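A.B. asks: just to be clear, the model below is a prediction. Sequence and coordinates:
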Amino acid sequence: MITERICIYPKDVMLITGRSERSGCRLLQTIRKKYNKTKHQFVSIFEFSEYTGLQIEEIRTFLE
């Protein structure tokens, strides 16, 4: 059985956007605010996709 991740981390944002890891943290914080999440909650790939306008398939290629 192949498992796919559904949450995204700052290092993933760094790989996808080409920005620093700290910028990835800030972007995830912004997304958490938009979706009314607390600090400890994860950001899903779907939420990241909606916020950035990137296709989910494009994001998943970076997570493999």
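C.D. replies: Yes, it's here.
A.B. asks: going on from the lengthiest helix in the chain, what's the next piece of helix or strand?
C.D. replies: Assignment by DSSP state H gives helix 21-34 as the longest helix of the chain. Using DSSP states H and E, the helix or strand that directly follows helix 21-34 along the chain is strand 43-44.
A.B. asks: so what does that next one touch, helix or strand wise?
C.D. replies: strand 7-8, helix 21-34 (3 or more CB pairs under 8 Å, 6 or more residues apart in numbering; DSSP states H and E). C-beta: built from backbone N, CA, C; applies to glycine.
A.B. asks: give me that answer again for 10 Å
C.D. replies: Contacts defined by 3 or more CB pairs under 10 Å, 6 or more residues apart in numbering; DSSP states H and E place strand 43-44 against strand 7-8, helix 10-17, helix 21-34.
A.B. asks: just grab the bridge partners of the residue nearest the centre of the chain for me.
C.D. replies: Closest residue to the average C-alpha location of the chain: residue 8 at 3.8 Å, with CA atoms, centre = their mean. Beta-bridge partners for residue 8, by DSSP bridges, are residue 43.
A.B. asks: and it, what pLDDT?
C.D. replies: Note for residue 8: predicted pLDDT of 94.
A.B. asks: check residue 1 too.
C.D. replies: pLDDT at residue 1 comes out at 61.
A.B. asks: centre of the chain to stretch 18-30, how far?
C.D. replies: Remark: stretch 18-30 is offset 9 Å from the chain centroid, using CA atoms, centre = their mean, to the nearest Å.
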